[in-house]
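# output the structure for:
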Amino acid sequence: MKANKRKSRPESYSDRVYRKLVTYTGLVSTTVRIEETDLHILAEDDVTEKATDLILQYRAQLEQYILKNPQFSASLEPLKHDKIVPPLIRDMLNAGIAAGVGPMAAVAGTIAEYVGKGLVAAGFREVMIENGGDIFLQRNSDCSIAIFAGESPLSYKVGMNIRSAQMPIGICTSSGTVGHSLSLGLADSVTVLSKSTALADAAATRLGNEVGRSGNTREGMQNGLAQAKEIPGIIGVVVVCGELIGAFGDVELIQVDLREKYEND
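Prediction:
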């Protein structure tokens with residue numbers, strides 16, 4: 001169950017060093033790994049048991065559907081609606097259709113969102129779920145999110161302020177230079193905000209691909225931002241290519257200073 005987003009990753013990516021940079025602000029950190037699913041969770045208490053149950057539940061739904069419909073995991077193009085499917089599968093199909101990509105491009109964001117909402121339903125008021133850099137966020141206060149953009153000099157030096165009024169929200173990033181899944185793009189990072197984490201994930205893949213189509217970084221960035229305006233449900237987008245940065249929508253960019261700490265870790 002792998003998303004179609006990023007190229008071959010450097011070995012150090014498996015360490016997920018960026019998780020060491022998270023400020024917990026009173027929340028408890030939990031990591032739950034089941035096969036390809038590797039979640040970093042912040043909540044008011046340890047959620048290992050509940051999160052494990054949720055992951056197993058949603059992975060089972062996905063695996064059973066793929067077993068009967070193998071094109072679901074293989075297609076790089078949107079698939080038609082399927083009326084009789086679990087909501088998780090429906091959301092992945094809808095996200096793929098909206099963004100113009102295969103449904104598995106939304107898998108990491110969808111799992112993050114469903115586990116996050118499951119924890120909220122279980123009584124946790126504040127939850128952050130990070131799944132390979134794709135985030136479901138539900139907090140009662142504003143949050144600062146730093147953008148990791150590989151070797152770009154802007155990596156961990158620029159971020160976004162996420163207002164409490166925008167939550168729950170999905171924050172998903174695709175890269176043509178960092179990470180483990182397929183990308184046709186040139187962007188160091190394309191970060192998408194949406195109320196649907198599934199859509200944010202799928203749209204990040206689509207827009208990341210758009211940045212690479214022209215072969216020109218600046219023109220590609222402009223193409224990606226233009227395409228973002230055509231995808232309903234997107235709140236905002238930030239694209240980083242080398243020293244260039246572009247944004248669209250309801251995005252509040254901020255300056256952060258985590259680069260040195262990241263490199264030292």
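# quick one: mean pLDDT over stretch 85-98.
Per-region confidence: stretch 85-98 scores 97 on mean pLDDT.
# got the buried residues for it?
Of the residues in stretch 85-98, 85-86, 88-98 count as buried by neighbour count, 16 or more other Cβ atoms under 10 Å. C-beta: built from backbone N, CA, C; applies to glycine.
# which pair of those spans the longest distance?
Maximum pairwise distance among these (Cβ to Cβ): 18.7 Å, between Pro86 and Ala98.
# circling back: from the buried residues of stretch 85-98, pick the one nearest Val115.
Checking these against Val115 by Cβ to Cβ gives Leu88 as the nearest, at 10.5 Å.
# measure that closest one to Thr37 for me?
Applying Cβ to Cβ, to the nearest Å, one obtains 13 Å for the distance of Leu88 from Thr37.
# show me the shaky parts of the stretch 101-250 of the chain.
By pLDDT under 70, the low-scoring segments of the stretch 101-250 of the chain are 176-186, 212-216.
# burial count for Val256?
The local packing count at Val256 equals 16, with neighbours defined by other Cβ atoms under 10 Å.
# who's in contact with the nearest residue to it once chain neighbours are set aside?
Closest residue in space to Val256, ignoring its immediate chain neighbours: Gly159 at 4.3 Å, by Cβ to Cβ, 6 or more residues apart in numbering. With contacts taken as Cβ atoms under 8 Å, 6 or more residues apart in numbering, Gly159 has the following neighbours: Ser144, Ile145, Ala146, Ile147, Leu253, Ile254, Gln255, Val256.
# residues contacting the last one?
When contacts are counted by Cβ under 8 Å, 6+ apart, Val256 touches Ser144, Ala146, Tyr156, Lys157, Val158, Gly159.
# the stretch 101-250 of the chain: strands as residue ranges?
127-131, 134-138, 143-146, 158-162, 169-174, 189-194, 234-241, 244-249 (DSSP state E, counting those that start in this stretch).
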